[in-house]
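J.: got a predicted structure here, sequence first:
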Amino acid sequence: MKVGIEMGAASGGTKAQMDLEELLATRLLVQGNSGSGKSHLLRRLLEQSAPWVQQCVIDPEGDFVTLADRFGHVVVDAQRTEAELTRIAGRIRQHRVSVVLNLEGLDVEQQMRGAAAFLNGMFDAERDFWYPVLVVVDEAQLFAPAVAGEVSDEARKISLGAMTNLMCRGRKRGLAGVIATQRLAKLAKNVAAEASNFLMGRTFLDIDMARAADLLGMERRQAEMFRDLARGNFVALGPAVSRRPLPVAIGPVETSARSVSPKLMPLPDATEEARDLIFAPEPIEARQTVRRAAPPPPPTPTADIIAQLTQARADASAPVAEPIFPLFDEAEREALIDTIVREMVEDPDAAFRTDAVLYQDFLVRCRIKRMQGEPPTLATFRRRYAVARAGVDDETASSDSWQQALGMSATLPEDLQAVFLIVAQAAVKGAPCPSDAAIAQAYGSHSARRARRLLTYFEEQGLVVVRTDFHGKRSVAFPDLGCETAAGDPERTDDLAERQAAE
């Protein structure tokens, strides 16, 4: 599903659109001197894409914690152990919750270690939870420095490795890196080189202007333009934005950072001589009174963070309004889910996609159909998809033999249930045994040898008995069901075409 988010105004008064799906696949690099508007740009990107994709913000200054009030991001205080951060990051990917990792108050080395532990936790999540995540890293030169600094070599190595995994290997795991830096020269080259989209802001040093011009495919004489860019103005290039360098003025944002740029204001009128005010003796009472600043609140316990991630969040302050779309009762909802699953089964390429990709497609289709309530879990979806792959008719589905076959399939691993049910429905209907090609496709493979191994596995489990006659035709008997498939040629391909047409 293509989603375009509006970043601001482009040249000629047109809107600058960014293709979010393309951005997830090609990553983004933002560069600009301090005060050029990088944080404003990131905030605009986060606000516009918040309804569409899960987000994770690595925030060294605590500027993005205000997203929590408006968009429901969970703020994770980094003042905890690396093991806790890694565990929280795994839970975040599992429950698809947008977060802000607040690194404020830590020294540089602690920030590097905390960010590395968090990124590694997201990177090492189980394959079932590889959903798309927009990972925004502000001040990326802190976490992927080009040269060694005052921090230890161990901390730099750990942090640089995590950033390299994010930018180089994160795409296959659903992690899309968006990194912002003050200077390209300060950022490790193997991290910056993986970005295909660029937004270049105001830059003054000649070496940085020349490198920015090279990345945008501009001539060296055009590099001077980066000195003249106003705050909040960038030059964009990349498959997600524009195929040619495009000046963009970033639009307004709904939230604000806790730290703002200094503003000029007039000095107060002194009512007494300044010298007397400065050197006035302190009253005795004030000397005897020891004023201590209130201690900062302790960080939120890890258990509370995890509980917050797992529970559903509802905005109690939001006014109750009539639903825009009609509500479905439970029967209509189940029928809608069945319809969506059947539509997915009809796609001939669906058999060769991973469960995570299929489930993500299922969730998108549910949103398109405006399905009410919580969608089925991944495990429930796998089960319903496996049953739908069998393609049984209503008469067969209502038979006792088929209901018993469903119960037997539930004891098998999830990736084998669709194969078992396809063979079982042939036995219940007395149809010829599916060919090796049909069985392999049900498993998501093209290997006939693997199909035969699957039947051998079922036979070893005592579920079926496989027989081959003198003509080389195969039949599969189900002793517990009291039925058997008709003899079928395991090497034929016509049944595969028939099954694809039926689905």
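T.: Yes, it's here.
J.: quick check: residue 9 is in a strand.
T.: Yes - Residue 9 forms part of a strand when assessed by DSSP: H, G, I helix; E, B strand; the rest coil.
J.: contacting residues around the closest residue to it other than its chain neighbours?
T.: Nearest-residue entry for residue 9: residue 249, 4.8 Å, with adjacent residues in sequence omitted and distances by C-beta to C-beta, 6 or more residues apart in numbering. Backbone N, C-alpha and C define where each C-beta goes, glycine included. Residues counted as contacts of residue 249 (C-beta atoms under 8 Å, 6 or more residues apart in numbering) are 8-10, 230, 232-233.
J.: ok, of those residues, which come out buried?
T.: Burial by neighbour count, 16 or more other C-beta atoms under 10 Å: within those this picks out 8-10, 232-233.
J.: so what's residue 479 closest to, chain neighbours aside?
T.: The shortest distance from residue 479 to any residue other than its chain neighbours is 6.5 Å, reached at residue 465 (C-beta to C-beta, 6+ apart).
J.: is it true that the one you found touches residue 476?
T.: Yes - Residue 465 lies in contact with residue 476 (C-beta atoms under 8 Å); the separation is 7.3 Å.
J.: show me the shaky parts of this structure.
T.: 1, 258-263, 268-275, 277, 282-329, 351-352, 495-503 (pLDDT under 70).
J.: just give me the neighbour total for residue 278.
T.: Counted with other C-beta atoms under 10 Å, the burial measure for residue 278 works out to 7 neighbours.
J.: hang on, I meant residue 431
T.: Burial of residue 431 is recorded as 13 neighbouring residues (other C-beta under 10 Å).
J.: doesn't residue 486 make contact with it?
T.: Yes - assessed by C-beta under 8 Å, residue 431 is found in contact with residue 486 at 6.1 Å.
J.: hmm, back to that, what's the closest of the contacts of residue 249 to residue 347?
T.: Nearest to residue 347 among the contacts of residue 249, counting by C-beta to C-beta, is residue 10 at 36.5 Å.
J.: list the contacts of that closest one.
T.: Applying C-beta under 8 Å, 6+ apart, the residues near residue 10 are 16, 242, 246-249.
J.: if you set the cut-off to 7 Å instead, what comes out?
T.: With contact set as C-beta atoms under 7 Å, 6 or more residues apart in numbering, residue 10 has these partners: 16, 246-248.
J.: repeat that for residue 365.
T.: With the criterion set at C-beta under 7 Å, 6+ apart, residue 365 makes contact with residue 340.
J.: just the element for it, please.
T.: Element membership of residue 365 [criterion: DSSP states H and E] is helix 355-368.
J.: contacts for the following helix or strand past that helix?
T.: Downstream of helix 355-368, the next assigned helix or strand under DSSP H and E is helix 378-390. Contacts of helix 378-390 with the rest of the structure, by C-beta under 7 Å, 6+ apart, involve 128, 337, 341-342, 345, 355, 358-359, 362, 376, 414, 417-418, 421-422, 425, 442.
J.: helices or strands up against the helix or strand just after helix 378-390?
T.: The helix or strand immediately downstream of helix 378-390 is helix 394-397, counting by DSSP H and E. Packed against helix 394-397 by the contact rule (3 or more C-beta pairs under 7 Å, 6 or more residues apart in numbering; DSSP states H and E) you find helix 417-429.
J.: let's see the helix it packs on as PDB, backbone CA atoms only.
T.: Included here for helix 417-429 are C-alpha records, laid out as PDB according to Å, rounded to 0.1, in the frame of the first residue of the first chain:
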ATOM      1  CA  GLN A 417      -0.800 -27.900   9.000                       C
ATOM      2  CA  ALA A 418      -1.600 -26.600   5.500                       C
ATOM      3  CA  VAL A 419       0.100 -29.600   3.900                       C
ATOM      4  CA  PHE A 420      -1.600 -32.100   6.200                       C
ATOM      5  CA  LEU A 421      -5.100 -30.600   5.500                       C
ATOM      6  CA  ILE A 422      -4.600 -30.500   1.700                       C
ATOM      7  CA  VAL A 423      -3.900 -34.300   1.700                       C
ATOM      8  CA  ALA A 424      -6.600 -34.900   4.300                       C
ATOM      9  CA  GLN A 425      -9.300 -33.200   2.300                       C
ATOM     10  CA  ALA A 426      -8.400 -35.300  -0.700                       C
ATOM     11  CA  ALA A 427      -8.800 -38.400   1.400                       C
ATOM     12  CA  VAL A 428     -12.200 -37.300   2.800                       C
ATOM     13  CA  LYS A 429     -13.400 -36.600  -0.700                       C
END
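J.: dihedrals phi and psi, residue 67?
T.: As for residue 67, its main-chain torsions (degrees, to the nearest 10) stand at phi -60, psi -20.
J.: got the contact list for it?
T.: Listed by C-beta under 7 Å, 6+ apart, the contact partners of residue 67 are 46, 73, 100, 255.
J.: cutoff 6 Å now
T.: For residue 67, the contacting residues are 73, 255, by C-beta atoms under 6 Å, 6 or more residues apart in numbering.
J.: does residue 240 count as helix, strand or coil?
T.: Remark: residue 240 carries the secondary structure label coil [criterion: three-state DSSP].
J.: what about it, how many residues nearby?
T.: Applying other C-beta under 10 Å, I find that residue 240 has 22 neighbouring residues.
J.: that one against residue 23, yeah?
T.: Yes - contact between residue 240 and residue 23 holds when scored by C-beta atoms under 6 Å: they sit 4.1 Å apart.
J.: rewinding a little: among the buried ones among the contacts of residue 249, which pair sits farthest apart?
T.: Greatest spatial distance among these (C-beta to C-beta): 10 and 232, at 13.4 Å.
J.: quick check: residue 455 vs residue 461, distance?
T.: Separation of residue 455 from residue 461 (C-beta to C-beta, to the nearest Å): 11 Å.
J.: of those two, who's got more company?
T.: Set side by side, residue 455 and residue 461 give different neighbour counts by other C-beta under 10 Å, the larger being at residue 455 (22 against 13).
J.: count the neighbours of residue 61 for me.
T.: 16.
J.: could you do residue 366 as well?
T.: When neighbours are counted by other C-beta under 10 Å, residue 366 registers 19.
J.: hmm, back to that, which of residue 465 and residue 476 has more neighbours?
T.: Neighbour tally, residue 465 and residue 476, criterion other C-beta under 10 Å: the higher count belongs to residue 476, 24 against 13.
J.: against which helices or strands is the helix or strand containing that one packed?
T.: Counting by DSSP H and E, the secondary-structure element that holds residue 476 is strand 474-478. For strand 474-478, the contact count by 3 or more C-beta pairs under 6 Å, 6 or more residues apart in numbering; DSSP states H and E identifies strand 465-468 as packing neighbours.
J.: for the closest residue to residue 486 other than its chain neighbours, grab phi and psi.
T.: Closest residue in space to residue 486, ignoring its immediate chain neighbours: residue 432 at 4.6 Å, by C-beta to C-beta, 6+ apart. Per-residue torsions, residue 432: phi -60, psi 150 (degrees, to the nearest 10).
J.: same question for the one 5 residues further on.
T.: Main-chain dihedrals, residue 437, degrees, to the nearest 10: phi -60, psi -40.
J.: quick check: the gap between it and residue 467.
T.: 20 Å.
J.: list the buried residues in stretch 185-195.
T.: In terms of neighbour count (16+ other C-beta under 10 Å), stretch 185-195 has its buried residues at 186-188, 191-192, 194-195.
J.: ah, wrong one, I meant stretch 210-226
T.: Residues 210-213, 215-216, 218, 223, 225-226 are the ones in stretch 210-226 that count as buried (16+ other C-beta under 10 Å).
J.: residue 134: which of the residues you listed is nearest?
T.: Ranking the buried residues of stretch 210-226 by separation from residue 134, with C-beta to C-beta as the measure, puts residue 215 on top at 21.3 Å.
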